[in-house]
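> give me a 3D structure for the following:
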Amino acid sequence: MRANDSLQTGPAVPWLVVRGALVVVVAVGAVALCPLIGWQVAAVVLAIVAAALPQTFAAWGSIGCLVIGMLISEPDLGRAMIAVLVVQLIHVLMSLSLVIPAGSRVVIAALRPSALRLLAVQAIAQPVTVLVMVVTQGSAQTVPWAAVAGAGAVVALAATLLVRANRRAP
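Residues are numbered from 1 along each chain as shown. You can find the predicted model right below:
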């Protein structure tokens, strides 16, 4: 590069926006999903720790707080759908926080693949959530079958990923 060369990027945001969004998503999720103030506070404190020190993986602890809040209260379709969205948003924002260095700027176009993956997963997960909630509200005996089907799907996905990871490049 020469002295008179310049590099131009698209619109960008500071690194704090991603980490701040993590805290906001956890706070909104805690208020919407946790009926107990203690679990709400614990989730937000863990999110703040995760925003300050992403390598601690504290945001996943805040997901645990949200899950405990969900288990304490009665099953509800709307809250289940919010939980599916919030948990994935926390995961995506925490993963981005791990790879975005402090003090940097993030080009908004670079966030597009993560946003598209989020939308693709939500397009699948939300209808499945509705289906499982509707089916389980009708019969208490359906819950174990839903758990078995979910475990089978996880095993199939893990096996597929392992097979693909062990393939040799041509």
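> and the spatially most central residue of the chain, what element?
Nearest to the centroid of the C-alpha atoms of the chain, with distances taken as Cα atoms, centre = their mean, sits residue 88, at 2.1 Å. Assigned by DSSP states H and E, residue 88 belongs to helix 77-99.
> direction included, what does the next helix or strand after that helix pair up with?
Helices and strands here follow DSSP H and E; after helix 77-99, the next one along the chain is strand 105-107. Strand 105-107 sits in its sheet next to strand 12-14 (antiparallel), going by DSSP bridges.
> name the residues of the partner strand that are buried.
Within strand 12-14, no residue is scored as buried using 16 or more other Cβ atoms under 10 Å. Just so you know, the C-beta spots here come from the backbone N, C-alpha and C atoms, and that holds for glycine as well.
> show the average pLDDT along it.
Across strand 12-14, pLDDT averages out at 92.
> can you tell me what sits against it?
104-108 (Cβ atoms under 8 Å, 6 or more residues apart in numbering).
> quick check: which ranges of the protein have low pLDDT?
Across the chain, residues meeting the criterion (pLDDT under 70) sit at 1-2, 138-148, 150-151, 168-170.
> what ranges do the helices span in it?
Taking DSSP state H, the helices of the chain run over residues 15-33, 37-52, 58-72, 77-99, 112-138, 142-166.
> which elements pack onto the fourth one?
Contact partners of helix 77-99 among helices and strands, from 3 or more Cβ pairs under 8 Å, 6 or more residues apart in numbering; DSSP states H and E: helix 15-33, helix 37-52, helix 58-72, helix 112-138.
> in TSV, list those along with mean neighbour count and distance to residue 163.
Output for the helices and strands packed on helix 77-99, formatted as TSV (neighbours: other Cβ atoms under 10 Å; distance: least, Cβ to Cβ, whole Å):
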stretch	mean neighbour count	distance to residue 163
helix 15-33	19	33
helix 37-52	19	33
helix 58-72	19	27
helix 112-138	13	21
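> mind putting those in TSV, distance to residue 92 included?
Below are these laid out as TSV (distance: least, Cβ to Cβ, whole Å):
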stretch	distance to residue 92
helix 15-33	9
helix 37-52	13
helix 58-72	10
helix 112-138	6
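> nearest to residue 8, out of these?
Nearest of those to residue 8, taken as Cβ to Cβ: helix 112-138 at 18.0 Å.
> could you give the angle of that closest one to helix 77-99?
150 degrees (axes from the mean of the first three to the mean of the last three Cα atoms, to 10 degrees).
> run the chain-centre distance for helix 112-138.
Offset of helix 112-138 from its chain centre (Cα atoms, centre = their mean, to the nearest Å): 12 Å.
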